[in-house]
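Visitor: Quick one: sequence plus predicted model below, questions after.
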Amino acid sequence: MTQNLVPVLGEVNAFLQKQHGLLIDGKSASTRAGKRIDVRNPATGEVISTVADADAQDVDDVVQASHRAFTSGVWSKARPADRERMLLKLADVLEAHAEELAQLETLNQGKSIHISRAIEVGAAIEYVRYMAGWATKITGETMDVSIPVPEGARYTAYTRREPVGVVAGIVPWNFPLMIAIWKLIPALAAGCTIVLKPSTETPLTALRLGELVLEAGIPAGVVNVLTGRGSVAGQALASHPLVSKISFTGSTEIGKTVGHAAVDNMTRFSLELGGKNPMIIFGDVPVEKAIQGAMMGGFLNQGQVCAAASRLYIHRSKFEQVVEGLAAAADSMTVGAGMDVTAQINPLVSARQQQSVCKYIDIGRQEGATVVAGGYAPDMPGYFVRPTVMINVDHSKTLVREEVFGPVLVAMPFDTPEEAIRLANDTPYGLAASVWTNDLSAVMHVVPEIQAGTVWVNSHIPLDPNMPFGGHKQSGVGREFGRGAVENFTELKSVCIAY
Ligand code: NDP
């Protein structure tokens, strides 16, 4: 196995060795109490680095710095063209450090180096370039108004969009760099300053991103990076009165906590939360195509994808063939470290996540489901779980209702499009879904009925910066991407001029 490992770059090793502080005002700062958090390599369980563990007072320091930077106008009042230019420069800087960032992510998060290179870094850089352009395209409207007093007065009105202020970007561990960038760039394009709070499990690329932001010429203090536990540092950040907007991605449970804290201060917020996403495969889909789609939709990033396909509804005419092929394909996947270029299934992010996924598999068994592939953690170091396919699942049971966030697919047969729609919507979540068929009328019938923020047809998972992304129901509030992403970081002001 070792001969397939990507050699670790010298700069990656050097970064791991650093005594990482918080990034405040462009400098690495120690916390008051000096506590540290271990950062592990999920492929081995070994500690590879440590980061600062901020408490509420440290959080206040970080937010105050962001607030000073915002009110100074160094960024919020910079010419939009200058903001755009510096964000484009940041894309170039990220590109120059692409392999370093990809390796750092794989060593810390566990995912395949191929995914780190292509998505975590590659797609994120495209997102930076896309979003940079919006800095110069923020507009308001002019309005005719009919205000009748005083008699004879005339008015005109217009709206302007102004940066909302200090943003808290709270980022999960599944795509740490990419999701940090999803929050960072539209906030900066709008003229905001930001505190990035990565997950305790995966803080390294956010810290490196903070350094590269400075290298791109973005002024110190505009981007600050806060490491620390969610229950302490995250909570203090979400409830800080100087934070004007929270952009959160993570679990529905914590999302609600963050939403409550935000409302107490009337802080604006958007929440991108969990999903239990259906994939509906009609009878006309070739078996091989259905299997490939399910593998991609269900096992990418070990299923640790909020939009992952985790519930497969397969037309009864193809059910057995697809399940059989899927089980064989899952069983043939080679398990190994993300740095191993031949490994097809990599570790989950943490021992905690591995235990959680295994617990769900056990609950599924206890509730009567049948495991047809995988279903266990292999006996080896690291946080691996074999790709798992389960059938005979009762729709009311845990495995169908709760987000497992691991490589676990449940497959169920359906007979009619109406039944597929009913089952697909029978969930508290509504993030994403996919419909697989070349029957145009089935597509046109099913797509509008699906309660989800994104519906793919004949694919599952592709995202694009120009395509709004977010959830219905318990999957969140608001949308990321597209023009709306930048507008989410602005306040709308109406200006009314009497003349
Ligand atoms: P969390 O929702 O706990 O974490 C997401 C982010 O919120 C992390 O940065 C976390 O910090 C932070 N956080 C935690 N508690 C608070 C708080 N009270 N106030 C403010 N911020 C807080 O997700 P987990 O990482 O624990 O994952 C649990 C489950 O969530 C997964 O199994 C999966 O089901 C779901 N999930 C969904 C994701 C999605 O993309 N929709 C992404 C990740 C997880 P810290 O890590 O330091 O605790």
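Guide: Sure, I can see it. Fair warning: this is a prediction, and the values are worked out from it, not measured in the lab.
Visitor: Now do the contacts for the residue of the stretch 351-499 of the chain found nearest the ligand.
Guide: Using Cβ to the nearest ligand atom, the single residue of the stretch 351-499 of the chain nearest to the ligand is Phe405, 3.6 Å away. C-beta coordinates here come from the backbone N, C-alpha and C atoms, glycine included. Shown in contact with Phe405 (Cβ atoms under 8 Å, 6 or more residues apart in numbering): Asn174, Gly274, Gly303, Gln304, Ala308, Gln353, Ser356, Val357.
Visitor: For it, report the pLDDT, please.
Guide: Listed pLDDT for Phe405 reads 98.
Visitor: next one: Arg483
Guide: According to the prediction, Arg483 has pLDDT 89.
Visitor: Which strand or helix spans it?
Guide: For Arg483, the host element (DSSP states H and E) is helix 482-487.
Visitor: how near is the residue most central in space within the chain to the ligand?
Guide: Nearest to the geometric centre of the chain sits Ile179, at 4.4 Å (Cα atoms, centre = their mean). From Ile179 over to the ligand the distance is 7 Å, taken as Cβ to the nearest ligand atom, to the nearest Å.
Visitor: Same question for Lys197.
Guide: Distance, Lys197 to the ligand, by Cβ to the nearest ligand atom: 6 Å.
Visitor: swap in Ala56?
Guide: 12 Å.
Visitor: Spit out the contact partners of that residue.
Guide: Neighbours of Ala56 in contact, by Cβ under 8 Å, 6+ apart: Val232, Ala233, Ala236.
Visitor: tell me the secondary structure for Ala78?
Guide: What DSSP: H, G, I helix; E, B strand; the rest coil gives for Ala78 is coil.
Visitor: quick revisit: and the residue nearest to the centre of the chain, which helix or strand is it part of?
Guide: Secondary structure assigned from DSSP H and E places Ile179 in helix 176-190.
Visitor: Other residues contacting the next helix or strand after that helix?
Guide: Per DSSP H and E, the first helix or strand lying C-terminal to helix 176-190 is strand 193-197. The list of residues contacting strand 193-197 from outside it, by Cβ under 8 Å, 6+ apart, reads 62-63, 66-67, 69-70, 75-76, 165-171, 180, 183-184, 187-188, 206, 209-210, 221-228, 230, 233-234, 237, 243.
Visitor: Take these and keep only those in helices.
Guide: Secondary structure from DSSP state H places 62-63, 66-67, 69-70, 180, 183-184, 187-188, 206, 209-210, 237 of the contacts of strand 193-197 in helices.
Visitor: between those, which is nearest the ligand?
Guide: Using Cβ to the nearest ligand atom, the ones in helices among the contacts of strand 193-197 come closest to the ligand at Leu237, 6.5 Å.
Visitor: so the closest one sits right up against Asp61, yeah?
Guide: No - assessed by Cβ atoms under 8 Å, Leu237 is found out of contact with Asp61, at 11.6 Å.
Visitor: higher neighbour count, the two?
Guide: Neighbour count, other Cβ atoms under 10 Å: between Leu237 and Asp61, Leu237 has more, with 28 against 18.
Visitor: Look up phi and psi at the closest residue to Gln302 other than its chain neighbours.
Guide: In space, Gln302 comes closest to Pro407 once its chain neighbours are excluded; the distance is 4.9 Å by Cβ to Cβ, 6 or more residues apart in numbering. Here is the backbone geometry of Pro407 (degrees, to the nearest 10): phi -80, psi 70.
Visitor: Pull out the buried positions in the helix or strand of the chain with the lowest mean pLDDT.
Guide: In the chain, the helix or strand scored least confidently by mean pLDDT, DSSP states H and E is helix 482-487, which has a mean of 94. Under the neighbour-count criterion of 16 or more other Cβ atoms under 10 Å, helix 482-487 has Gly482, Ala485, Val486, Glu487 buried.
Visitor: List of residues touching that helix?
Guide: Contact with helix 482-487 is made by 131, 134-135, 137-138, 161, 182, 186, 189-190, 465-468, 479, as judged by Cβ under 8 Å, 6+ apart.
Visitor: which one is the closest residue to the ligand within the stretch 1-150 of the chain nearest to, not counting chain neighbours?
Guide: Per Cβ to the nearest ligand atom, Ile37 is where the stretch 1-150 of the chain lies closest to the ligand, at 8.4 Å. Residue nearest to Ile37 in three dimensions, not counting chain neighbours: Asp53, with 4.7 Å by Cβ to Cβ, 6+ apart.
Visitor: For Asp38, see how far away that neighbour is.
Guide: Note on Asp53: its distance to Asp38, by Cβ to Cβ, to the nearest Å, is 10 Å.
Visitor: do the same with Asn458
Guide: Distance of Asn458 to Asp38, computed by Cβ to Cβ: 44 Å.
Visitor: cool, Ile194 as well?
Guide: 26 Å.
Visitor: Helices along the stretch 201-350 of the chain, start to end?
Guide: Assigned by DSSP state H, counting those that start in this stretch, the helices in the stretch 201-350 of the chain fall at 204-215, 235-238, 252-265, 287-299, 316-331.
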